[in-house]
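**Student:** Sequence and predicted model, in that order:
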Amino acid sequence: MMEASDRLAKELDKDMTPEDRARCIVYLLHTLCFHYNPDHMEIAENAATEVINNVDLAQKATPATPATEPHQYLSLADSPYLCKILCYDYYFRTEKDSRKKAESLLTKWDKELQKNGFWLDVTEDMALQRLEAYSLFSDVADQHKYEKTIRKSIQYYSELPQITDEVRFLFLLAHMGTFRNYPEQVEQIMDNVLEGKLSATATGSISDKVRNAKPNMLKALQFHILALYLLNTEQE
């Protein structure tokens, strides 16, 4: 975990798109939940503040008062990555304004959710990212506020055939304590993970080929997923 946070902290020194920067910040903040490092935390907090402020400036910009940063930060205004950054900002620094902004995004998505639990014109990847943001908010701010939204949406997306390629779906089910409700999906995802089929990207999707991952990293992930599975199935 220390190696991962060190690598992510160094990545933030590089030039990258706002979305890549936001994603990197989220991953770094997530690792710091498990392995705290004050230097890395300072880097993460500064980068998070920069992104939050740039999004605010981009949203407030007008032709008469253009944003000092590129308008490309507008692309993050409706992003689950921004929502997660705001949630972590509230968690680590008790920034009430960040919680308010995160709630505003989550409530907006809640209003856009269709009656049967899906978002119109939103990809499966984006939908699962939104669910991860809801899950994070419920962990760090309010456990019950969006519970119905999460459960309704999980029910819809669980029925998509490609959901068994989503490792992150296990974590959403674990968070809601609903492993038993989706036994087929859980078993298929478990089989894929234990066979070493890991994501070729950072999205959490399983590739159609076995990756040449580092053996130790692969074993660690398999052990973690198996422990998660055993813990949740035993509790249910």
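**Tutor:** Received it, and whenever you're ready, just let me know what you need.
**Student:** what number of residues lie near the nearest residue to residue 59 once chain neighbours are set aside?
**Tutor:** Excluding its sequence neighbours, the residue lying closest to residue 59 (Cβ to Cβ, 6 or more residues apart in numbering) is residue 77, at 5.8 Å. Where C-beta positions appear, they are placed from N, C-alpha and C, glycine not excepted. Neighbours of residue 77 under the rule other Cβ atoms under 10 Å: 12.
**Student:** try residue 227
**Tutor:** Neighbour number of residue 227 under other Cβ under 10 Å is 10.
**Student:** For the helix ranked longest in the chain, buried residues please.
**Tutor:** Ranked by residue count, the top helix of the chain under DSSP state H comes out as helix 38-60. Residues of helix 38-60 classed as buried by neighbour count (16 or more other Cβ atoms under 10 Å): 40-41, 43-45, 47-48, 51-52, 54-55, 57-58.
**Student:** circling back: next, the contact list for the residue nearest to residue 59, please.
**Tutor:** Residue 77 sits next to 55, 58, 59 when contact means Cβ atoms under 8 Å, 6 or more residues apart in numbering.
**Student:** What is the nearest of those to residue 105?
**Tutor:** Using Cβ to Cβ, residue 55 comes nearest to residue 105 of the contacts of residue 77, at 10.8 Å.
**Student:** okay, which residue is most central for the chain?
**Tutor:** Residue closest to the mean C-alpha point of the chain, counted by Cα atoms, centre = their mean, is residue 132 at 4.6 Å.
**Student:** in the helix or strand where it lies, what counts as buried?
**Tutor:** In the assignment (DSSP states H and E), residue 132 maps to helix 124-140. Applying a neighbour-count criterion of 16+ other Cβ under 10 Å, one finds 124, 127-138, 140 buried in helix 124-140.
**Student:** Give me the phi and psi for residue 119.
**Tutor:** In terms of degrees, to the nearest 10, the main-chain angles of residue 119 are phi -100, psi 130.
**Student:** Give me the pLDDT for it.
**Tutor:** At residue 119, the model reports a pLDDT of 97.
**Student:** Distance check, it against residue 151.
**Tutor:** Distance of residue 119 to residue 151, computed by Cβ to Cβ, to the nearest Å: 15 Å.
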